[in-house]
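Asker: Model the following, please.
(chains A and B, ligands or ions: 1)
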Amino acid sequence: MTGTWLGMPPFPVAAREALGNEQLRTNLRKATGTIRGKRAAVVDERADWEALRVAGKEIKDRTLHNLDTYLEQLERKVTESGGVVHWARDAAEANRIVIDLVRAAEADEVVKVKSMATQEIELNEALAEAGIAAYETDLAELIVQLGHDRPSHILVPAIHRNRSEIRDIFLREMPGVTAALTDDPAELAAAARAHLRRKFLTAKVAVSGANFAVADSGTLVVVESEGNGRMCLTLPEVLISVVGIEKLVPTWQDLEVMLQLLPRSSTGERMNPYTSTWTGVTPGDGPQEFHLILLDNGRTGALADDIGRQALRCIRCSACLNVCPVYERTGGHAYGSVYPGPIGAILTPQLRGVTADEVSPTLPFASTLCGACYEVCPVLIDIPQALVHLRAKAVDAKRGKPSAERTAMRVAQWVFGSSRRLRLAQRLVSIGGRVLGRRGRIGRLPGPFKGWSGARDTATPPRQTFRTWWESR
Amino acid sequence: MRVALFITCFNDTLFPATGQAVVRVLERLGHEVVFPPDQTCCGQMHFNTGYQRECVPLVRSFVDTFADADVVVAPSASCVGMVRDFHSRVAEVSGDRGLAAAVAGTVPRVHEFTEFLVDIAGVTDVGAYFPHRVTYHPTCHGLRLLKLGDRPRALLRAVEGIELVDLPGATECCGFGGTFAVKNSDVSVAMGTDKVARVLSTGAEVLTAADNSCLMHVGGLLSRSKSKVRVMHLAEILAGERA
Ligand code: SF4
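Answerer: I've put the predicted structure just below:
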């Protein structure tokens, strides 16, 4: 990963800023609360939900274990159906391939289907640098783009914005919009539709990602709610799809499971309104040129990690974001990556490397390990387990460098190493606590205790520990 | 039954009343209680903060301490969760096969307090008396790691004189999270503050849970806000008797 997201402060700092924004917190609480309720209702309808989750997990695991085979199969099938397959090791390579293809088509603008992969490689920025304008066609993505903003959520990139903020953005940035525009959702959607239609009808090239790629037929799949994606997938002459190598499923039959898990987990719907599939090119119908760019960008690194690997099962449903109490209070920007929330906290440090920048090593710690994410994940990614594993990686990467935390942990280990030493430490805690305490409570403390005691009192430690009480019995 | 107590370093040092209450309840039910004196810590703080290698000797000492116990009972859902879900991982990290075998032998004998009462001892009415308005917070590790389910509430419902009231948004994390409370104290406090508001909305006199750590966090916020609501470990309520 490259570019604009680097230079972000570590999670705790970014989170503090976000917490200061009341409007943001209200918007987030409302949106995640609503979607959480919808998801729970449609999941409850399915008596076989747990079995579906297990099936989803197994399909993805099977794919990941034989990824080389399935990727080659996909390449063969796409080529046989008239498509061209490109392999991209990293973001720079993927962006260069897209730019070359757009130039070859003699185009200077592209329409885009909402896609996490192209966000991850910061394609829009790379295109802009190459003099090519990219137009996001997903409504929420459009709001983010027009607002010169960053997405805050996988599925609802503008989740942090409310209606009146959106109206302001449209007024300021959308050609042809007048002050008569209200913040009525239908009016806002109509304004966006008029704006987008002009783009759909003129663009020669479209860029998409894919929710799934079916190996045995070479088919790509996009699911969406608005139909704008389908316009991009059918109207332009050239279609370029940038797809992470983990997006595969072996067969169409596997899609049956995924297409039940995904909409329920993401939008809380039984079925998403639009499911588009395309296989190579069909003469006289739809794009006449199709390019598939298979993107690694850190994924093979994650694949090599026995615990971290499970993050590659992710189908980007965003259920884990919507239930995460940390995400609910900070929003997505604090995570310094296009992948926020619990999945971002385990995916980003793996794709970038846990020591790549200031943000990555702080992400695995951006969780209380409450486990709400694991409870909802449709493909059973044990996010708390992966978080703890990546914490160990972050700690191990800094071994040999002294830090107050490491010293404290060493001392604690030494104390816990024998009950005699523990007893001694307990006596110190008890005396220290009584020195610092007032009326049975310890208030604000300086130094390393500031983070804890800034807002919380602590009861003064008792004179007698359990073990001394037990012995005196 | 002969029950070995694991009182956890945290309860031993800061909340001895919890351990004392556990002893009272178990003895009232006719069990023989022992406290292996060599015990220290399950290693959760080290493990969850990423110090897995430092955790190895702690796990070794835990399995040594409880090698001979038939049943081990601990009044902490999160420490039992650590033992049950992660001691095997620590053994794996250590590369010591003997340790892995010892862990596999110990883990099935370790039970959280309410699990022991309901599943092993087979009681929900422990003969307690506690005439107060109480609300129960199911801590995340009790709820999701151990899947304690209705056990704690069933035990509380059977207490004479108690008025048990539902906590709105009960399943949402209080924001403690071990070292999270320090590393990400702003988010932690924001979560805890919301929890406090919900506790206050119940009009309860007492907030209870199966983990003193979460209670310390929420209780610390309650205390700073000058609230009169008390926090008490569930064992203390179950130990309540008519004066
Ligand atoms: S980790 Fe699971 S819950 Fe989160 S976005 Fe991915 S599939 Fe959905």
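Asker: Show me how chain B divides into domains.
Answerer: B:2-120, B:133-239 (the TED database).
Asker: want to try CSV for those, with mean pLDDT, mean neighbour count and distance to the ligand as columns?
Answerer: To be clear about C-beta, it is placed using only N, CA and C from the backbone, and glycine gets the same treatment. Shown next, in CSV, are those (pLDDT from 0 to 100; neighbours: other C-beta atoms under 10 Å in any protein chain shown; distance: least, C-beta to the nearest ligand atom, whole Å):
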stretch, mean pLDDT, mean neighbour count, distance to the ligand
domain B:2-120, 95, 21, 19
domain B:133-239, 96, 21, 15
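Asker: out of these, which comes closest to residue A:56?
Answerer: Smallest distance to residue A:56 across those (C-beta to C-beta): 19.7 Å, for domain B:133-239.
Asker: how about the domains of chain B in a markdown table, adding distance to residue A:50?
Answerer: Formatted as a markdown table, the domains of chain B follow (distance: least, C-beta to C-beta, whole Å):
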| stretch | distance to residue A:50 |
| --- | --- |
| domain B:2-120 | 19 |
| domain B:133-239 | 13 |
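Asker: list the contacts for the residue nearest to the spatial centre of chain B?
Answerer: The residue lying closest to the centre of chain B (C-alpha atoms, centre = their mean) is residue B:76, at 1.8 Å. Neighbouring residues of residue B:76 by C-beta atoms under 8 Å, 6 or more residues apart in numbering or on different chains: B:8, B:10-11, B:112, B:210-213.
Asker: Can you name the helix or strand that residue A:223 falls in?
Answerer: strand A:219-224 (DSSP states H and E).
Asker: Name the strands paired with that strand and say parallel or antiparallel.
Answerer: Here strand A:219-224 is paired, per DSSP bridges, with strand A:212-214 (antiparallel), strand A:274-279 (antiparallel).
Asker: burial count for residue A:107?
Answerer: Per other C-beta atoms under 10 Å in any protein chain shown, the neighbour tally for residue A:107 reads 17.
Asker: now it: how far from residue A:179?
Answerer: When distance is defined by C-beta to C-beta, to the nearest Å, residue A:107 is 34 Å away from residue A:179.
Asker: can you give me the strands in chain B?
Answerer: Taking DSSP state E as the test, the strands found in chain B are B:2-5, B:32-34, B:71-74, B:110-112, B:133-136, B:163-165, B:206-209, B:230-233.
Asker: Put together CSV for the ones you listed, with distance to residue A:269 on each row.
Answerer: Supplementary listing: these in CSV, determined by distance: least, C-beta to C-beta, whole Å:
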stretch, distance to residue A:269
strand B:2-5, 50
strand B:32-34, 54
strand B:71-74, 43
strand B:110-112, 38
strand B:133-136, 34
strand B:163-165, 35
strand B:206-209, 36
strand B:230-233, 41
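Asker: which ones are touching residue A:16?
Answerer: Here residue A:16 is in contact with residue B:186 (C-beta under 8 Å, 6+ apart).
Asker: Could you measure from it over to residue A:357?
Answerer: From residue A:16 to residue A:357 the distance is 19 Å (C-beta to C-beta).
Asker: re earlier: could you dump the strands of chain B to JSON lines with distance to chain A?
Answerer: What follows is those, written out as JSON lines (distance: least, C-beta to the nearest C-beta, whole Å):
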{"stretch": "strand B:2-5", "distance to chain A": "9"}
{"stretch": "strand B:32-34", "distance to chain A": "9"}
{"stretch": "strand B:71-74", "distance to chain A": "12"}
{"stretch": "strand B:110-112", "distance to chain A": "16"}
{"stretch": "strand B:133-136", "distance to chain A": "17"}
{"stretch": "strand B:163-165", "distance to chain A": "22"}
{"stretch": "strand B:206-209", "distance to chain A": "14"}
{"stretch": "strand B:230-233", "distance to chain A": "9"}
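Asker: Spell out which residues of the stretch 251-400 of chain A are next to chain B.
Answerer: Proximity of the stretch 251-400 of chain A to chain B (C-beta under 8 Å from any C-beta of the partner chain) is limited to residues A:325-326, A:329-330, A:364-372, A:374-375, A:388, A:391-396.
Asker: and residue B:170, what is it in contact with?
Answerer: By C-beta under 8 Å, 6+ apart, residue B:170 lies in contact with B:136-138.
Asker: Please report the distance of the spatially most central residue of chain A from residue A:314.
Answerer: Centroid check for chain A by C-alpha atoms, centre = their mean gives residue A:339 as the closest residue, at 2.6 Å. Look at residue A:339 and residue A:314: by C-beta to C-beta, they are 9 Å apart.
Asker: what's the answer for residue B:92, then?
Answerer: Applying C-beta to C-beta, the value for residue B:92 to residue A:314 is 24 Å.
Asker: and the two most separated of the contacts of residue B:76?
Answerer: B:10 and B:112, at 14.5 Å, using C-beta to C-beta across the contacts of residue B:76.
Asker: Show me chain A divided up by domain.
Answerer: A:1-45+A:318-401, A:48-137+A:204-301, A:406-472.
Asker: Out of these, which gets nearest to residue A:156?
Answerer: The nearest among the domains of chain A, by C-beta to C-beta, is domain A:1-45+A:318-401 at 6.6 Å.
Asker: Kindly provide the whole-number mean pLDDT of that closest one.
Answerer: The pLDDT scores in domain A:1-45+A:318-401 average 92.
Asker: near the ligand at all, it?
Answerer: Yes. Using C-beta under 6 Å from any ligand atom, we find that domain A:1-45+A:318-401 touches the ligand at A:318-320, A:343, A:376-379, A:381.
Asker: Just give me the closest of the residues you listed to residue B:204.
Answerer: Closest approach to residue B:204 among these (C-beta to C-beta): residue A:376, at 28.9 Å.
Asker: Excluding covalently adjacent residues, which one is nearest to that closest one?
Answerer: Closest residue to residue A:376 apart from its sequence neighbours, by C-beta to C-beta, 6 or more residues apart in numbering or on different chains: residue A:319 at 4.3 Å.
Asker: is it true that the one you found touches residue A:39?
Answerer: Yes. Between residue A:319 and residue A:39 there is a contact under C-beta atoms under 8 Å: 6.2 Å.
Asker: what touches both of residue A:339 and residue A:314?
Answerer: Common neighbours of residue A:339 and residue A:314 (C-beta under 8 Å, 6+ apart) are residue A:347.
Asker: Residues touching stretch B:140-153, excluding its own?
Answerer: Outside stretch B:140-153, the residues that reach it (C-beta under 8 Å, 6+ apart) are A:368-372, A:374-375, B:77-78, B:80-81, B:84-85, B:112, B:114-115, B:117-119, B:136, B:138, B:164, B:171, B:173, B:209-211, B:234.
Asker: So which of those residues belong to helices?
Answerer: When DSSP state H defines the helices, the subset of those inside them is A:372, A:374-375, B:77-78, B:80-81, B:84-85, B:114-115, B:234.
Asker: For stretch A:423-436, buried residues please.
Answerer: A:423, A:425-426, A:429-430, A:433, A:436 (16 or more other C-beta atoms under 10 Å in any protein chain shown).
Asker: Return the distance of it from the chain's centre.
Answerer: The chain centre lies 44 Å from the centre of stretch A:423-436; the measure is C-alpha atoms, centre = their mean, to the nearest Å.
Asker: and for it, what are the contacting residues?
Answerer: Contacts for stretch A:423-436 (C-beta under 8 Å, 6+ apart): A:415, A:442, A:445, A:458, A:460-463, A:465, A:467, B:12-14.
Asker: from the residues you listed, which ones fall inside helices?
Answerer: Using DSSP H, the contacts of stretch A:423-436 in helices are A:415, A:467, B:12-14.
Asker: Now the element after the helix or strand harbouring residue A:294, going C-ward?
Answerer: Assigned by DSSP H and E, residue A:294 belongs to strand A:289-295. Later in the chain than strand A:289-295, the nearest helix or strand by DSSP H and E is helix A:299-303.
Asker: Next secondary structure element downstream of that following helix?
Answerer: helix A:319-323.
Asker: what are the C-alpha coordinates of that next one, in PDB please?
Answerer: Output in PDB follows, covering the C-alpha atoms of helix A:319-323 (Å, rounded to 0.1, in the frame of the first residue of the first chain):
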ATOM      1  CA  ALA A 319     -20.700  -6.900   9.800                       C
ATOM      2  CA  CYS A 320     -17.700  -6.800  12.100                       C
ATOM      3  CA  LEU A 321     -17.500  -3.000  11.700                       C
ATOM      4  CA  ASN A 322     -21.100  -2.600  12.500                       C
ATOM      5  CA  VAL A 323     -20.900  -4.500  15.800                       C
END
